[in-house]
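**Q** give me coordinates for this.
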Amino acid sequence: MNTRSLDAAVPGAFAAPADPEYIAWAAARQRRLWRRRILPALGIVGLVFLWWAVIAVFDVKPFIAPTPWAVLETLYAKRDVLLDNLLPTAMEAAGGFVLGNLAAIAIATVFVHNKTLQDIFFPVVLMFNAVPLVAKAPVLVLIMGNGMEPKITIAALVCFFPTLVNMVRGLESVNPQAMELMRVLSASKTEIFFRLRLLNALPYLFSALRIAASMCVIGAVVGEWVGATVGIGAMILQATFNFDSPLLYAAIVMSATLSGLFFLLVTLVERWVIRWQPETAP
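**A** All right, here's what the predicted structure looks like:
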């Protein structure tokens with residue numbers, strides 16, 4: 001008997017039975033994926049339309065707020081200048097992101113293992129974070145000069161505090177039963193940290209990293225406002241003083257795009273690292 005006759009003799013012998021629950025789950029998952037892609041796009045389109053409508057209805061002068069089309073033309077016409085100024089800002093933001101988060105993770109680890117140091121220095125960190133960023137930036141420029149170092153430091157300070165707070169909370173909020181089991185098994189502090197505390201803190205850490213991914217660009221731009229001749233921050237100041245609103249808005253769009261790319265990169269890394277988290281309910 002050939003394969004065709006066998007299939008006819010035993011219907012469904014080689015076909016997997018359709019599971020209604022799996023089909024419903026797959027359909028719901030597909031709808032969630034489309035929602036995540038379509039709704040943000042609709043939000044951006046709606047924002048651009050509102051921008052255009054406000055200018056058209058209230059007859060806003062071009063030197064105050066240009067039309068979206070004028071900004072798009074500037075992005076294309078001056079793309080080389082914008083990209084040349086975006087590169088140093090991206091380097092400063094990326095350097096501050098790495099430096100600030102690594103320092104926060106290291107200090108959070110020390111705080112969790114030494115409560116005395118946490119009680120002493122955590123209020124100091126809180127007070128330092130309360131100082132406005134525009135007040136810290138000139139001091140850092142005076143100390144470090146007018147190069148990339150103060151901009152990287154400012155971006156690092158912006159990233160530092162949210163990551164420190166979330167990392168400390170994640171390392172401390174361990175299941176007491178799991179901690180007791182590790183102690184019963186005579187696990188060392190190193191084993192408890194890497195096998196229990198760190199894994200528990202990863203969702204908290206990536207929540208902070210998503211915030212830092214956006215804030216590091218703000219820190220770099222603020223640092224460039226204080227003293228820089230290149231960068232998106234310097235371009236924003238020059239466009240403001242020259243009343244070149246299309247270039248001003250184009251620079252803002254470039255900085256927002258850079259923040260979005262950093263945020264997307266962190267989100268992709270989070271999905272790759274944290275694979276055990278269940279999907280949210282629809």
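
**Q** quick one: pLDDT of Leu83?
**A** Confidence at Leu83, expressed as pLDDT, is 94.

**Q** now do the one 10 residues further on
**A** Looking at Ala93, its pLDDT stands at 95.

**Q** go ahead and confirm it touches Val217.
**A** Yes - using C-beta atoms under 8 Å, Ala93 is in contact with Val217, at 4.6 Å. Placement of C-beta: from N, CA and C, glycine included.

**Q** any common contacting residues for these two?
**A** Overlap of the contact sets of Ala93 and Val217 (by C-beta atoms under 8 Å, 6 or more residues apart in numbering) consists of Ala155, Leu258, Phe262.

**Q** ok, and the most crowded of the residues you listed?
**A** Of all those, Ala155 has the most neighbours under the rule other C-beta atoms under 10 Å, reaching 30 neighbours.

**Q** residues in contact with it?
**A** Glu92, Ala93, Gly95, Gly96, Phe97, Gly100, Cys216, Val217, Gly219, Ala220, Gly223.

**Q** ok, these vs Val184, which is closest?
**A** The closest of the contacts of Ala155 to Val184 turns out to be Gly100 (C-beta to C-beta; 37.7 Å).

**Q** how many other residues sit next to the closest residue to Thr267 other than its chain neighbours?
**A** Nearest in space to Thr267, with sequence neighbours left out and distances taken as C-beta to C-beta, 6 or more residues apart in numbering, is Arg210 at 6.7 Å. Counted by other C-beta under 10 Å, the residues lying close to Arg210 total 17.

**Q** and the pLDDT at Arg210?
**A** 93.

**Q** which helix of this structure spans the most residues?
**A** Counting residues, the longest helix found in the chain (DSSP state H) is helix 20-58.

**Q** how about that helix: buried residues?
**A** Trp51, Ile55 (16 or more other C-beta atoms under 10 Å).

**Q** what about the stretch 1-150 of the chain, any weak spots by pLDDT?
**A** Counting by pLDDT under 70, the ranges of the stretch 1-150 of the chain that qualify are 1-18.

**Q** residue ranges for the helices of it, please.
**A** 3-9, 20-58, 68-77, 79-113, 115-130, 133-144, 148-172 (DSSP state H, counting those that start in this stretch).

**Q** pick the most deeply packed of those.
**A** Of the helices of the stretch 1-150 of the chain, the one with the most neighbours on average (mean count of other C-beta atoms under 10 Å) is helix 148-172, at a mean of 23.

**Q** buried sites along the helix or strand just after that one?
**A** Next helix or strand after helix 148-172 toward the C-terminus (DSSP states H and E): helix 176-184. Across helix 176-184, burial judged by 16+ other C-beta under 10 Å covers Met182.

**Q** nice, that's everything, thank you.
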